[in-house]
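Trainee: quick check, what structure comes out for this input:
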Amino acid sequence: LVFALFFFILGANGLVLGNDPAVHLHRAQYFLNVGRIPLSDIAWYPPLYHILLSTFMAFTGATNVEQMLFLMKAVTALMDWLLVFSVYLVAAKFFGKKTGVLAAAVILLCFPLYEINFWGGYTSILGLSFMSLAFLYLALPVKSLGSALVTFLFAFSVVMSHQLATFLSFLILPPFLILV
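Mentor: Numbers count the residues shown, from 1 in each chain. Got it, this is the predicted structure:
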C-alpha cells in the first residue's frame, strides 16, 4: 500500500515534480552511458541514487523519457516504502510491534515526507532509510561477520546517499551508542 500510495502521488499530474528529478535522471543516464561518476558530482549529489536508478534502467532496458520517468517513480516509491519499513523495524525493536505500526503510520502522516518527494529530494529519503537501518543493526548484538558487514553496508550507503544524513548519523551516533 505504501508503494502504491507514493507511486500514485509522485505521478498525480503525469509528470515528476520539481527540478531535481531531471538532474537525477541526467546523472543516471550519464553513469549508464559513460560508466563513471564525475568527482564534481559527488560533492553535490552522492552517487548511490544515480547508481541504483541507472542499474534499474539497464536491467529494464528503459530508453525513452516516459519509461525512465516511470522507472524513477517506481524506484522512489520503493525507497519511500523502505523508509516507512525501516522506521517500523526500529520502533518495533525498541518499543514493540504496536509502537512500530504507530511510528510507521505517523511517518506516513508527516508532511515533510511528501514535500521531499514533491521537490525531488529522493537522495534524502534514501539516506534516512539507510540511517534507520544502520542504527537498527548497530543495536543488535554482533553475532557474526555477516551482521557486521550488513551494518557496514548500511552505514556506507548513508555516506553514499546524502551528506546531511551522514552528518545526522554522526551527530546521533554517540548518544545512541551510549543508550544502547
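Trainee: any idea which helix or strand carries the most centrally placed residue in the chain?
Mentor: Nearest to the mean C-alpha position of the chain, counting by C-alpha atoms, centre = their mean, stands residue 126 at 1.4 Å. Using DSSP states H and E, residue 126 falls within helix 122-139.
Trainee: what are the contacting residues of the helix or strand just after that helix?
Mentor: Past helix 122-139, further along toward the C-terminus, the next helix or strand under DSSP H and E is helix 145-161. By C-beta atoms under 8 Å, 6 or more residues apart in numbering, the residues outside helix 145-161 that reach it are 46-49, 123, 126-127, 130-131, 133-134, 137-138, 140, 142, 165-166, 169. In short, each C-beta sits where N, CA and C put it, glycine included.
Trainee: all helices of the protein, in order?
Mentor: 2-10, 20-34, 39-44, 48-60, 65-95, 97-108, 111-119, 122-139, 145-161, 163-179 (DSSP state H).
Trainee: now the ones you listed in JSON lines, with mean pLDDT?
Mentor: Putting the helices of the chain into JSON lines (pLDDT from 0 to 100) gives the following:
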{"stretch": "helix 2-10", "mean pLDDT": "67"}
{"stretch": "helix 20-34", "mean pLDDT": "81"}
{"stretch": "helix 39-44", "mean pLDDT": "70"}
{"stretch": "helix 48-60", "mean pLDDT": "85"}
{"stretch": "helix 65-95", "mean pLDDT": "83"}
{"stretch": "helix 97-108", "mean pLDDT": "89"}
{"stretch": "helix 111-119", "mean pLDDT": "71"}
{"stretch": "helix 122-139", "mean pLDDT": "75"}
{"stretch": "helix 145-161", "mean pLDDT": "77"}
{"stretch": "helix 163-179", "mean pLDDT": "75"}
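Trainee: show me what contacts the residue nearest to the centre of the chain?
Mentor: 48-49, 52, 79, 82, 157, 161-162.
Trainee: on that earlier part again, buried subset of the contacts of helix 145-161?
Mentor: Buried members of those, counted by 16 or more other C-beta atoms under 10 Å: 46-49, 123, 126-127, 130-131, 133-134, 137, 165-166, 169.
Trainee: and those, which two are the farthest apart?
Mentor: 47 and 137 (22.6 Å; C-beta to C-beta).
Trainee: how close does residue 115 get to residue 102?
Mentor: Residue 115 sits at a distance of 22 Å from residue 102 (criterion: C-beta to C-beta, to the nearest Å).
Trainee: more neighbours: these two, which one.
Mentor: residue 102 (15 against 10; other C-beta atoms under 10 Å).
Trainee: quick one on the thing from earlier: and the angle from the helix holding residue 126 to helix 20-34?
Mentor: Angle of helix 122-139 versus helix 20-34, following axes from the mean of the first three to the mean of the last three C-alpha atoms, to 10 degrees, is 80 degrees.
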